[in-house]
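Asks: next input, structure requested:
(chains A and B)
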Number of protein chains: 2
Amino acid sequence: MTEPSSSRASDLPPDDFLELPADEQVSVLMGASTTKRRTLMRSLALDDAADVLQAAPEKQRAELLDLLADVARREVSALLAYSEDIAGGLMDPRFLRLRPDLSADEALSYVRRQAQDAVAMLDHGYVLDADQRLLGVVSLVRLLSSSGGKTVQELMDRTPLSVNTNTDQEVVSQIFRDHDLTTLPVIDDDGRMKGVVTVDDIVDVVDEEATEDMQKVGGLSALDRPYLATTVTDMIRKRSGWLMLLFVGEMLTATAMGWFEGQIARAVVLALFVPLIISSGGNAGSQATTLVIRAMALGELATRDLLTVIRREMFIGLVLGTVLAAIGGARILLWQQLFDSYGTHAFALAATVSVALVGVVLWGTVMGSVLPFLLRAIKLDPATASAPFVATLVDVTGLIIYFTVAGVILEGTLL
Amino acid sequence: MTEPSSSRASDLPPDDFLELPADEQVSVLMGASTTKRRTLMRSLALDDAADVLQAAPEKQRAELLDLLADVARREVSALLAYSEDIAGGLMDPRFLRLRPDLSADEALSYVRRQAQDAVAMLDHGYVLDADQRLLGVVSLVRLLSSSGGKTVQELMDRTPLSVNTNTDQEVVSQIFRDHDLTTLPVIDDDGRMKGVVTVDDIVDVVDEEATEDMQKVGGLSALDRPYLATTVTDMIRKRSGWLMLLFVGEMLTATAMGWFEGQIARAVVLALFVPLIISSGGNAGSQATTLVIRAMALGELATRDLLTVIRREMFIGLVLGTVLAAIGGARILLWQQLFDSYGTHAFALAATVSVALVGVVLWGTVMGSVLPFLLRAIKLDPATASAPFVATLVDVTGLIIYFTVAGVILEGTLL
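Replies: Residues are numbered from 1 along each chain as shown, chains lettered A, B, ... in the order given. Alright, predicted model coming up:
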C-alpha cells in the first residue's frame, strides 16, 4: 500500500486502477503521461471521478476535470457541489430515465440504445415526468417479462423509496440495510431526481462507518485513511488529543487517592487492591458502552429504550459484580490460608474488597450503558463514550466507592 | 424489536416480513395460521428460506420445509448442507443459466421466459457447459446492446472471479470490497457452479463482522443477536467469561503491588499515582490494538507489515509518552508550588512519574500493536487482543516499570 512509483503507474491496467481508493488513484494519475491520464480519468464512473477530484490537491483539480468529455465534465462538476458523506456525494448521476407513456417494448429498445453509455446498475429504469419528478421505478426484468403492449406506467412500482441529496450516508446505508435494496433514487429539494445510489458503494460506507465507530470506541479520533497510509504525524495528532484529555481526567485519581492518603498510610494493604478494583469497573463499563454504541449505530436502540437498558444493565451489573466479588473474596481468604498474607484482618479485608467490587462493577456497567444515551441527547456522537473514557470516569468514582466502603467496614480494626 | 405477538404476526404484510431478521421471521411464522404460513414461506428467496429453517427450532424444520413447492424444497435442502457463514450458505441457487452457443437474441428471449421466476439480481447471465462448469459471465446490458447475431460465447467475460462453496464469508466480503462487485458465482469442489452471492447480502455480512469485531475489542464474546433480542442470561454468559478472565489476570496487580508494599509503606505518595500511570498505558494500548485489529479486518495489514508497525508504534509511543510525561511532571511541580503537596522530594517524584509514564505508554503502545499479530500467528482471532485485555497486561507490567523506576530514582531520598 505504499505510494505507487510512476513507472508502475503507467503500466497499471485500467481494471486495477478502478479498484484503488481515490487517494491512490490520484497518485497514479499524477505519475502518468497526459495521454494515459486522460484514458484513466475517462475510465472512471462519474461518482468515482468526483471522489478523485475531491482527493486531488486543489491546484490539480481543474486540470484533471478538463480531461473529461464535455457532458461528463458538467455532471462531475455538479457532483462536486455535494460533500462526500451525503447521498448527493454518493450518487451516480447517470441512470436509466423512462417516460411513463412508453410501451414496455419501446422502453426496451430505448434501453438497448442507452446501454452503450455503461449506465451503472442498469437493472431498474426510473420513470420521470417532464419536470424530472420521480413517478415510479420499473425493473428491467419486469419490462422483459411483460406482454409487449403494456405501458411503463402500468408496470412500474408507484411508491419507490428515495432519499434527499443531503441525507447523511449513515442514514442512507440504514435504509439499504432495512429494505435489502440494490439501488435508491436521490431527489433534490425541488423534487427532481438527481441520481442513484447503488449498493456496492454502500458496502464501502458501512465499512467506513464501522471503522470510524470502532476507532472512536478505542479512544482516538477517526483516522479517515488506512493505517499504513496515515502519516506518523497525523497518527500522533489523532491519538494524542484523546490521550491527553483522558490523562487530565485521570489526574483526578491522584487527587482522589490524596483524600484517602491517611487511610493508605494506616493500612498499606488497601493500596494493593486499587488497580484490581478500578480496572474491574472499567472493564465492565467498556463492555456495556461498546454494546450500546454498536446497537445504536445499527439502529437497534432508540431513546425510548433507555429505561429498559438501565433496568437490564443494573441487573447484569449486579450479577457480574457479585461473581467478581466472590472470586476476589476467595482469593484473599485463600492467600491468607496459604501464606498468612493479611494477618488478623483478612476477613474484614475480603469483605471490603468484595462489597467494593459489587459497587464498582454495578456503577461501571450502568455508566457505560447510559453515557451513550446522554451524549446522543446533547447531539454528540454516542461513540464519544469510548471504552477509555468510561474507564477513566469509573476509575475516579471507583476509588471513592472503594475507600468509602473501606472506611465503613474497617473502622476500628485496620483503620 | 420485542417478539411480535401472534395477532400482529397474522396481519403483517409480506413486504415487512421479508425485511425481518431470520429469528424474528420464525416467531412470525410460528404465530401465523397454516395458510398464511405457507404464503410467507413461499415469499422468501431460497437463501433466506434456508436461513429461516436454520433459525427455527429443530422439530419445526421439517414442517416448514414441507410448506415450500417441490423444486424450492429440493434447493433449500441442498442449501441447508452449508453453514450460514460460508459462501454456500450465502448464495442463491437460482441464477440465470445460459448455454455458450446461444445467440444474444435467443439468450434474451430465454431471459424473458425465466424472468417470471424472480431470479435474484438478474443483471448477469452465467454461461455453463454441459457439466455445469462456469465458462464465463455476460451482463444483460451487454446482451441488450449487442448486434443480434453474436453468440453468448463471443460476448461473455471469460475470466470471471468466483469463490468455492466453503469460502468464509469474511473472505467473500473482502473480494466484493476489493473488486466493487455486485454478484459473485460460487463453485463446488468438483468445479460445478452452485449459486450466486449478491452484494445486498454482503452488506449484512460486513455489518455482522464489524459488530463481532467491535464486541470482541470491547472485551466480550460476540452476541450474534441484536442487543434487545439477547436474553439477560445470555448477556451475562457472554460478558462474564471475559470479565472473570480479565479479573484473574488483574489479580496479578495485587501480587505485583505486594512486592512493592515496603516501598509504598515508606512513601505512600507513590501509591497516589498508580491509577494514573497504569491507566495511561492501558489507554495508549487500547488505541493501538483497536487500530491494528480494524486494519487487519479490512485487509490493510499483512504479517510482513509487522516490523513497519513496530517501528511506527515505537516512535508514536515515545512521542505520546513524552507528552503525557510533560503534563504529569508539570502537574506535580505545580501542585507543589500551589499547595506544597509533596514536600522536599517533589522534584524527584515528578521525575519518577515522568520517566515511568514514558516507559509505560511506550510499552502499552507496542504491546497493543504487536499482540494482534501474535494472536494471528497462532491462528487465533486478532480481535481477542481486546482493549481490556491489553490494558490488563499493561497494568501488571506498568506497575513493575513504575516501582522499578521509583526504586532507582528515589533511592536514598524518599525510599
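Asks: distance of the residue of the stretch 101-250 of chain A found nearest chain B relative to residue B:213?
Replies: Nearest residue of the stretch 101-250 of chain A to chain B: residue A:218, at 2.7 Å (C-beta to the nearest C-beta). Where you see a C-beta, it was placed from the backbone N, CA and C, and this is true even at glycine. From residue A:218 across to residue B:213, the span is 11 Å (C-beta to C-beta, to the nearest Å).
Asks: so which of those two has more stuff around it?
Replies: Between residue A:218 and residue B:213, residue A:218 has the larger neighbour count (other C-beta atoms under 10 Å in any protein chain shown), namely 29 against 24.
Asks: wait, doesn't that one sit right on residue B:287?
Replies: Yes - applying C-beta atoms under 8 Å as the test, residue A:218 and residue B:287 come out as touching, 5.6 Å apart.
Asks: so for these two, which residues contact both of them?
Replies: Listed as contacting both residue A:218 and residue B:287 by C-beta atoms under 8 Å, 6 or more residues apart in numbering or on different chains are residue A:388.
Asks: how about the helices in the stretch 51-200 of chain A?
Replies: Here the stretch 51-200 of chain A has its helices, by DSSP state H, counting those that start in this stretch, at A:61-66, A:70-80, A:87-90, A:104-114, A:140-145, A:152-155, A:169-179, A:199-217.
Asks: so which of those is the most packed in?
Replies: helix A:87-90 (a mean of 25; mean count of other C-beta atoms under 10 Å in any protein chain shown).
Asks: so how far is it from its chain's centroid?
Replies: Here the centre of helix A:87-90 is set off from its chain's centre by 17 Å, with C-alpha atoms, centre = their mean, to the nearest Å.
Asks: then stretch A:373-382?
Replies: With C-alpha atoms, centre = their mean, you get 15 Å for stretch A:373-382.
Asks: which residue does the stretch 301-415 of chain A have closest to chain B?
Replies: Closest point on the stretch 301-415 of chain A to chain B, by C-beta to the nearest C-beta, is residue A:388, at 4.4 Å.
Asks: pLDDT score for the one residue sitting closest to the centre of chain A?
Replies: In chain A, the residue lying closest to the centroid (C-alpha atoms, centre = their mean) is residue A:209, at 2.8 Å. As summarised for this prediction, residue A:209 has a pLDDT of 86.
Asks: and for the one 4 residues further on?
Replies: Per-residue confidence at residue A:213 stands at 87 (pLDDT).
Asks: residues touching it, list them.
Replies: Counting by C-beta under 8 Å, 6+ apart, residue A:213 makes contact with A:293, A:294, A:297, A:383, B:214.
Asks: wait, the last one sits on residue A:290?
Replies: Yes - with contact defined as C-beta under 8 Å, residue B:214 counts as touching residue A:290 (6.1 Å).
Asks: identify the contacts common to these two.
Replies: With C-beta under 8 Å, 6+ apart as the test, residue B:214 and residue A:290 both reach residue A:217.
Asks: and the helices in the stretch 251-400 of chain A, which stretches?
Replies: Going by DSSP H, counting those that start in this stretch, the stretch 251-400 of chain A shows helices at A:261-266, A:269-272, A:274-297, A:306-339, A:346-377, A:387-410.
Asks: need the winner for burial among the ones you listed.
Replies: Highest mean neighbour count among those (mean count of other C-beta under 10 Å): helix A:274-297, a mean of 30.
Asks: does chain B sit close to it?
Replies: Yes - under the criterion of C-beta under 8 Å from any C-beta of the partner chain, chain B is reached by helix A:274-297 at A:274-276, A:278-280, A:282-284, A:286-287, A:289-292, A:294-295.
Asks: what residue ranges in the stretch 201-350 of chain A score low on pLDDT?
Replies: Applying pLDDT under 70 to the stretch 201-350 of chain A picks out no residues at all.
Asks: give the contact list for residue A:177.
Replies: Counting by C-beta under 8 Å, 6+ apart, residue A:177 makes contact with A:206, A:298, A:299, B:203, B:204, B:207.
Asks: dump these to TSV, plus distance to residue B:176.
Replies: Output for the contacts of residue A:177, formatted as TSV (distance: C-beta to C-beta, whole Å):
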residue	distance to residue B:176
A:206	11
A:298	20
A:299	23
B:203	9
B:204	12
B:207	13
